[in-house]
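[1] Would you be able to build a 3D model of this:
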Amino acid sequence: MSNTSQKPTVAMTMGDPAGIGPEICALAALSPAVTDRVNTFVIGDAKRMEEAVSILAEAGRFHARPTVRSIQEPGDATYQPGVIEVLNLGNVPSGLPWGELSAAAGQCAYDYIDKAVALAVEHTIDAICTAPLNKEAWKLAGVPYPGHTEALAALSGSPSSAMMLVNRGLRVVHVTTHVSLKEAIALATKDRVLGRIRLTATSLERFGVAKPRIAVAGLNPHAGEGGLFGDEEQTEIIPAVEAAQAEGINASGPWPPDSIYARAASGEFDVVIAMYHDQGHIAIKMLGFDTGINVTLGLPILRTSVDHGTAFDIAGKGVAREKSMVEAMLVAADFLAAR
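    Numbering: from 1, shown residues only. Got it, this is the predicted structure:
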């Protein structure tokens, strides 16, 4: 293994402590694929991590039971093999049940994000990788943000942000996400599409992708077929692409949505701009649930994340799969190396 001082540091947040976050963090922290590339520790609760390790050990998930080491500052981490180091906030109530929604767990998950962003903004760590939270638990806790993306933007002082999904080399950025299809159509305006193209180009260049090739998907079948199936391409999307090109951005389209993702996945483009939630998510998830990850664009920090939820139904049973968490850590390592 290479010298730990030469590796970037990517901190994992434990996520909702009632979900599978503690388990997948433990497994990812010990993955040779991860430890060969980065130094890592978990921002969370050391006692809860001990509980997760016990559950995983009983399920036979380790060759040898690891040690959980509580640290108070990132500088205390030693990054030794077989050791899971936890920046211990000590905030999980004793006896918190696994797999149950609660305000207490929601507050814990937010506290981990708050701490991680502060460390990343001050450059104490190089990136953060987040385990899943539960949005309803955040709401019960009175957290004033609907999810990770909004909280990360607010805590880091970012005026705009967007979600980029990544799976097996395919990257997708959405113009709209959690709105109705009717509202998504109304929001596919020139200004909004152009804004996403600009944000994507700037972010990917920061991550080491020189002059990214941006494919813009159409909104309608066959990208409108010259206006036969809708005119949003002519009135909104084409003007946005042309404006981006005039700014020197390597954007093209709108391309027919039913074929552009396959072309991008084969390497013809670096990223696709999807017009609405399912248009992009279906393409990403068809490539596999365990390998999809999320990257937040527009932040002054690098954040990657799993692309799945807290899985309360299997939390605390020792069966959670860490592959998405490992992939998220490796994508962070790739971006840091390119940058």
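[2] how many neighbours does residue 288 have?
    Using other CB atoms under 10 Å, residue 288 has 13 other residues around it. Bear in mind the C-beta positions are built from the backbone N, C-alpha and C, glycine included.
[3] Give me the three-state assignment for residue 70.
    strand (DSSP: H, G, I helix; E, B strand; the rest coil).
[4] wait, it sits on residue 86?
    Yes. If you go by CB atoms under 8 Å, residue 70 and residue 86 touch, sitting 5.7 Å apart.
[5] Now do the shared contacts for these two.
    Common contacts of residue 70 and residue 86 (CB atoms under 8 Å, 6 or more residues apart in numbering): residue 46.
[6] Between the two, point out the one with more neighbours.
    Comparing residue 70 with residue 86 by other CB under 10 Å, the one with more neighbours is residue 86, at 27 against 15.
[7] So what pairs up with the more buried one in the strands?
    On the basis of DSSP bridges, residue 86 is bridged to residue 42, residue 70.
[8] Quick check: buried residues in stretch 118-128?
    119, 120, 125, 126, 127, 128 (16 or more other CB atoms under 10 Å).
[9] what does it rub up against?
    Contacts to stretch 118-128, defined as CB under 8 Å, 6+ apart, come from residues 8-13, 38, 43, 74, 116-117, 155-156, 300-304, 332, 335-336.
[10] let's see it at 7 Å
    With contacts defined as CB atoms under 7 Å, 6 or more residues apart in numbering, stretch 118-128 is touched by 8-11, 13, 74, 116, 156, 300-304, 332, 336.
[11] now stretch 197-207
    Residues contacting stretch 197-207 (CB under 7 Å, 6+ apart): 160, 162, 173, 212, 214, 216, 240, 244, 249, 251, 270-271, 273, 297-298, 335, 338-339.
[12] cool, and stretch 251-266?
    Applying CB under 7 Å, 6+ apart, the set of residues contacting stretch 251-266 is 169-170, 197, 214-218, 222-223, 233, 237-238, 241, 244-245, 269, 272, 279, 283.
[13] Can you pull out the low-pLDDT segments for the chain?
    1-5 (pLDDT under 70).
[14] After the lengthiest helix in the chain, which helix or strand is next? Please name it.
    Counting residues, the longest helix in the chain under DSSP state H turns out to be helix 103-121. The C-terminal neighbour of helix 103-121 among helices and strands, as given by DSSP states H and E, is strand 127-130.
[15] and the helix or strand just after that next one, what does it pack onto?
    Following strand 127-130 in sequence order, the next helix or strand is helix 135-141 (DSSP H and E). Packing partners of helix 135-141 (3 or more CB pairs under 7 Å, 6 or more residues apart in numbering; DSSP states H and E): helix 103-121.
[16] What distance do you get for the residue lying farthest from the centre of the chain to residue 222?
    Distance from the C-alpha centroid of the chain, by CA atoms, centre = their mean, peaks at residue 228 (37.5 Å). In this structure, residue 228 and residue 222 are 8 Å apart, going by CB to CB, to the nearest Å.
[17] burial of residue 31, as a residue count?
    When neighbours are counted by other CB under 10 Å, residue 31 registers 17.
[18] Flag every buried residue along the longest helix of the chain.
    Buried residues in helix 103-121 (16+ other CB under 10 Å): 105-113, 115-117, 119-120.
[19] got those residues as JSON lines, with distance to residue 141 columns?
    Formatted as JSON lines, those follow (distance: CB to CB, whole Å):
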{"residue": "105", "distance to residue 141": "8"}
{"residue": "106", "distance to residue 141": "4"}
{"residue": "107", "distance to residue 141": "4"}
{"residue": "108", "distance to residue 141": "9"}
{"residue": "109", "distance to residue 141": "8"}
{"residue": "110", "distance to residue 141": "7"}
{"residue": "111", "distance to residue 141": "10"}
{"residue": "112", "distance to residue 141": "13"}
{"residue": "113", "distance to residue 141": "12"}
{"residue": "115", "distance to residue 141": "16"}
{"residue": "116", "distance to residue 141": "17"}
{"residue": "117", "distance to residue 141": "17"}
{"residue": "119", "distance to residue 141": "22"}
{"residue": "120", "distance to residue 141": "22"}
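[20] so which two of those residues are the farthest from each other?
    Spatially, the most separated pair among the buried residues of helix 103-121 is 105 and 120, at 23.0 Å (CB to CB).
[21] Neighbouring strands - and their directions - for the helix or strand hosting residue 273?
    Assigned by DSSP H and E, residue 273 falls within strand 271-274. Paired with strand 271-274 in the same sheet, following DSSP bridges, are strand 170-174 (parallel), strand 214-217 (parallel).
[22] would you turn the ones you listed into a markdown table with distance to residue 134 and mean neighbour count?
    Output for the strands paired with strand 271-274, formatted as a markdown table (distance: least, CB to CB, whole Å; neighbours: other CB atoms under 10 Å):
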| stretch | distance to residue 134 | mean neighbour count |
| --- | --- | --- |
| strand 170-174 | 22 | 23 |
| strand 214-217 | 31 | 27 |
